[in-house]
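In: Build the 3D model from these lines:
(chains A and B)
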Amino acid sequence: MTGPADTADPILQVRDLHARYGARHILRGVDFEVRRGEIMVILGTSGCGKSTLLKNIIRLYRPTAGSVELLGHDMVALEEEELEPVLRGIGVTYQHGALINSLTVAENVALPLEMHTTMSPSLRRQVAAVKLRQVGLEGAEDRYPRELSGGMQKRAAVARAIVMDPAIIFCDEPSAGLDPVTSAGLDRLLITLNETLGMTIVVVTHELSSIRRIADRVTYLEKGRAVFVGTVNEARASGIEEVERFFSMGSAL
Amino acid sequence: MPEKTATGPVVEVTFRDGILTLAGPFIAATAGTVEQAWARSVRGGAVSMIDGSGVMALDTSGALLIQRMAGGTAQLRGFSVEATRLLESLAGRAAGDVHNAVARAAGGRGEGRIAGALIRLADRFLHFLRGLEEVAVLGVDVVWWSVVGLFRRGQYRGGTFTDQAIHMGSSALPIVATILFLIGAISVLQSASTLRTYGASIFVIDMLAIGLARELAPLMTGIVVAGRSGSAIASEIATMKFTEELDALRTMGLNPIRFVVVPKLWAMAVGLPLLSFMGLVFGLLGGFIVAGTYMQLPLNTMVNRLLVSLLAWDIVTGLIKSLSFAVMITIIGTWRGMTFTGGADGVGRATTSSVVTSIFGMIVVDSIWGLIFYL
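Out: This next block holds a predicted model:
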């Protein structure tokens, strides 16, 4: 896979980010940036703060200290009401899909359109159908989330995340709980979105095979810090013990 | 001394001249017996050596127990090669664990019972205050968005209010009607003989009408709805939090309170007073039937008495109470749902506590209203 040009401007800049919950200091000064048009994987062993980092970037939690600049907005300083318009410009998928259970798949996908635009219902439905086709779920429009398999739910969640054509999407553990084949299919979907729509994608995962397939660059989190930022090849020769050990796991098989 | 364990095999723990001699299987099944035998035989004496030549079987529990007996100082002799390997593999860890356990036990004792109880009590109280604060903040938020939502229709999905109102209101009607019908009938039945003694039978209608309109209809309806809909709100919101649906809404730029809670609040605010009024009607019906048959009061006398005794104000106070219960049940259900922690068991706990808290809160609020309307 070809990496994006190094001169590309950062779409997301995280500087010295700290997050503390009571006595637990989970993020201890994270620094990294994501360039426009790349697939960045945030990885690390379980409990290193990957998901916390993601939630602090998109302001589900407010960071204790540090700065997050996303699409030119200072995410830490934004007030609640200023935050909503910014969030509409990004897409997020969650570990378990997080589709709204009382709505059909098409209604889920069209929800952001329904809430944030004055689009007619028929156009909404058409947009939703196109997005569902992009993720390979045509025909599932009128089914409910509980009637879909885990992999299909995640695809539907991706469709919902991209329905407003955001410049950047965040995926929290897209391959969690999926078999290798389904997981590879989801990875292909992310690559396609990245290549055809030029979407910047930030993925949180620890699935090595998935990382190898999709990552332009990786950010390795260890004990609440980003100890390495760079390509997978650079990671293998980074000279950082934990990072090299992580990437040598798969090749030993 | 040989010790018979519950399961049969014999373990021996003998202590003489600083040497502890062990024999038999030292496994999880015998560990309890061994612990007691050890305490009896050693009695605080110093163990300098443990002889394990008679140990027939050893598992992790047994090995840890032997580590404890050794206390990090006694020498081990006579153990088989496998047993020694197991003991050595646990050596570092076991010593640390024993140390920690002892330190914890000492710390617990040092604090003192009364001080500990006071601290726990204070902690409880602070916890309660924090809860009140959370409910207040959330309540303001919910009510604010409910009112604002009337004027700004953005972020509202058509049909959600209707769905909620049907679910919450009309499907609760059969049970509310039945309960109040029975309550009306029973309260007339119970007071019939007393009133008859004083020749005041007709006043059973006053009692029935005022009691139902002011107290029983709103309160019983509130309790039924807290059990049906308050719990449903808590479990739905807790589940949405667990499956990250609330997070997903937020990152779609949607306010979960507006999207999820506001339609429920409106459904409750409209539905509960209506239900309560229907409850009043059915309660009167039940009371009238008993008064007409058992007490043999003529229908037109009862109706005339009802028109005299039941003032519009009585009905209005009942509706005001119902409205306040509706708001309270919704906010408490939402609060319990949003502050839930853990997994599936957490959802269950949130549901249960929402009902208990709602019923408790309703009775407190009911008393306050009673006082206000009485003054």
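In: Show me where the stretch 1-150 of chain A dips below the pLDDT cut-off.
Out: A:1-8 (pLDDT under 70).
In: Please enumerate the strands of it.
Out: Listed from the start of the chain, the stretch 1-150 of chain A has strands (DSSP state E, counting those that start in this stretch) covering A:10-21, A:24-35, A:39-43, A:65-70, A:73-74, A:90-93.
In: for those strands, which one sits closest to residue B:226?
Out: strand A:10-21 (32.6 Å; C-beta to C-beta). From N, CA and C alone the C-beta is placed, and that goes for glycine too.
In: I'd like to know which elements that closest one is packed against.
Out: When contacts are defined as 3 or more C-beta pairs under 8 Å, 6 or more residues apart in numbering or on different chains; DSSP states H and E, strand A:10-21 packs onto strand A:24-35, helix A:50-57, strand A:65-70, strand A:200-204.
In: Need the winner for burial among these.
Out: strand A:200-204 (a mean of 25; mean count of other C-beta atoms under 10 Å in any protein chain shown).
In: Identify the residues contacting it?
Out: Residues from elsewhere that reach strand A:200-204, judged by C-beta atoms under 8 Å, 6 or more residues apart in numbering or on different chains: A:11-12, A:34-43, A:50-51, A:53-54, A:57, A:167-174, A:190, A:193-194, A:210, A:214-215.
In: repeat that with 7 Å
Out: A:11, A:34, A:36-42, A:50-51, A:54, A:167-174, A:190, A:193-194, A:214 (C-beta atoms under 7 Å, 6 or more residues apart in numbering or on different chains).
In: Ok, stretch A:175-183 next?
Out: A:95, A:150, A:151, A:186, A:205, A:207, A:210.
In: what does stretch A:231-241 give?
Out: With C-beta under 7 Å, 6+ apart, stretch A:231-241 has contacts from A:3, A:211, A:212, A:215, A:217, A:218, A:220, A:227, A:228, A:243, A:244, A:247.
In: In strands, which of those fall?
Out: By the criterion of DSSP state E, membership of those in strands covers A:217, A:218, A:220, A:227, A:228.
In: Tabulate these (JSON lines), appending distance to residue B:313.
Out: Below are those laid out as JSON lines (distance: C-beta to C-beta, whole Å):
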{"residue": "A:217", "distance to residue B:313": "73"}
{"residue": "A:218", "distance to residue B:313": "72"}
{"residue": "A:220", "distance to residue B:313": "71"}
{"residue": "A:227", "distance to residue B:313": "72"}
{"residue": "A:228", "distance to residue B:313": "74"}
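In: In the residues you listed, find the pair that's most separated.
Out: Top of the distance list for the ones in strands among the contacts of stretch A:231-241 (C-beta to C-beta): A:217 and A:227, 14.1 Å.
In: So those two - more neighbours on which side?
Out: Neighbour totals were compared for residue A:217 and residue A:227, and residue A:217 leads with 21 against 17 (other C-beta atoms under 10 Å in any protein chain shown).
In: ok, back up a step: closest one to residue B:112 out of the ones in strands among the contacts of stretch A:231-241, please.
Out: Among the ones in strands among the contacts of stretch A:231-241, and counting by C-beta to C-beta, the member closest to residue B:112 is residue A:227, at 46.2 Å.
In: Please report how far that closest one lies from chain B.
Out: 27 Å (C-beta to the nearest C-beta, to the nearest Å).
In: Now that that residue has come up, it's in contact with residue A:218, right?
Out: No. Judged on C-beta atoms under 7 Å, residue A:227 makes no contact with residue A:218 at a distance of 11.0 Å.
In: residues contacting the closest residue to residue B:206 other than its chain neighbours?
Out: Nearest non-adjacent residue to residue B:206, counting by C-beta to C-beta, 6 or more residues apart in numbering or on different chains: residue B:309, 4.1 Å away. By C-beta under 7 Å, 6+ apart, the contact set of residue B:309 is B:205, B:206, B:209, B:210.
In: hmm, which two among these are most spread apart?
Out: B:205 and B:210 (9.4 Å).
In: So between those two, which is more surrounded?
Out: residue B:205 (25 against 16).
In: show me what contacts that one?
Out: Residue B:205 touches B:291, B:302, B:305, B:306, B:309, counting by C-beta under 7 Å, 6+ apart.
In: out of the residues you listed, which one sits closest to chain A?
Out: If you rank those by distance to chain A using C-beta to the nearest C-beta, residue B:306 comes first, at 43.7 Å.
In: so that closest one makes contact with residue B:209?
Out: Yes. Taking C-beta under 7 Å as the definition, residue B:306 is a contact partner of residue B:209 at 5.7 Å.
In: Residue A:89: how many residues sit nearby?
Out: Residue A:89 has 16 nearby residues by other C-beta under 10 Å.
In: Wait, it touches residue A:166, no?
Out: Yes. If you go by C-beta under 7 Å, residue A:89 and residue A:166 touch, sitting 5.6 Å apart.
In: same for the strand ranked longest in chain B, what does it pack against?
Out: If you go by DSSP E, chain B has its longest strand at strand B:49-58. Counting contacts by 3 or more C-beta pairs under 7 Å, 6 or more residues apart in numbering or on different chains; DSSP states H and E, strand B:49-58 is packed against strand B:19-26, helix B:60-70, strand B:75-77, helix B:81-111.
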